[in-house]
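**Student:** Dropping the sequence and predicted coords here.
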Amino acid sequence: MLPALPLDEAGPYVAAAYLVFFALVLIYVAIMAAKLGRIERDLTELTELAERREADGTAADQREHETVGATRE
């Protein structure tokens with residue numbers, strides 16, 4: 001049984017197939033890296049927002065306790 005193409009003629013096609021596959025993998029990795037970067041930025045922003053809300057809530061609770069304590073006296 002003979003191959004579809006002689007081996008000396010199939011070489012460039014095999015190389016081209018590997019190059020296309022490598023390019024697709026490279027594009028996939030680039031897309032995943034971009035998504036990961038966006039997710040990290042979003043997560044950082046959400047963390048900062050939660051910390052600010054927590055700090056504001058703590059300050060509001062302290063002011064409330066001070067106000068309640070002042071009215072009781």
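**Tutor:** The structure has been received and is ready for your questions.
**Student:** For this protein, give me the ranges with low pLDDT.
**Tutor:** Residues of the chain meeting the criterion pLDDT under 70: 1-3, 5, 7, 59-61, 63-73.
**Student:** any idea how far the residue nearest in space to the middle of the chain is from Ile27?
**Tutor:** Centroid check for the chain by C-alpha atoms, centre = their mean gives Leu36 as the closest residue, at 1.9 Å. According to C-beta to C-beta, to the nearest Å, Leu36 stands 15 Å off from Ile27. The C-beta positions use only the backbone N, C-alpha and C, and glycine is treated the same way.
**Student:** what's the helix or strand for Gln62?
**Tutor:** In the assignment (DSSP states H and E), Gln62 maps to helix 7-72.
**Student:** For the residue nearest to the centre of the chain, give its distance to Phe22.
**Tutor:** For Leu36, the distance to Phe22 - C-beta to C-beta - is 21 Å.
**Student:** Equivalent analysis for Ala50, please.
**Tutor:** From Ala50 to Phe22 the distance is 42 Å (C-beta to C-beta).
**Student:** before we move on, what about Lys35?
**Tutor:** Lys35 is 21 Å from Phe22, by C-beta to C-beta.
**Student:** likewise Leu49?
**Tutor:** Taking C-beta to C-beta, one finds Leu49 at 41 Å from Phe22.
**Student:** Kindly report the same for Asp42.
**Tutor:** Asp42 sits 31 Å away from Phe22, going by C-beta to C-beta.
**Student:** do Glu48 as well
**Tutor:** 39 Å.
**Student:** Same question for Ala16.
**Tutor:** On the measure of C-beta to C-beta, Ala16 and Phe22 end up 11 Å apart.
**Student:** Any idea how many residues pack against Ala10?
**Tutor:** When counting by other C-beta atoms under 10 Å, one arrives at 13 neighbours for Ala10.
**Student:** Apologies, that question was intended for Ala4.
**Tutor:** Counted with other C-beta under 10 Å, residues neighbouring Ala4 total 6.
**Student:** I'm done for today, thanks for sticking with me.
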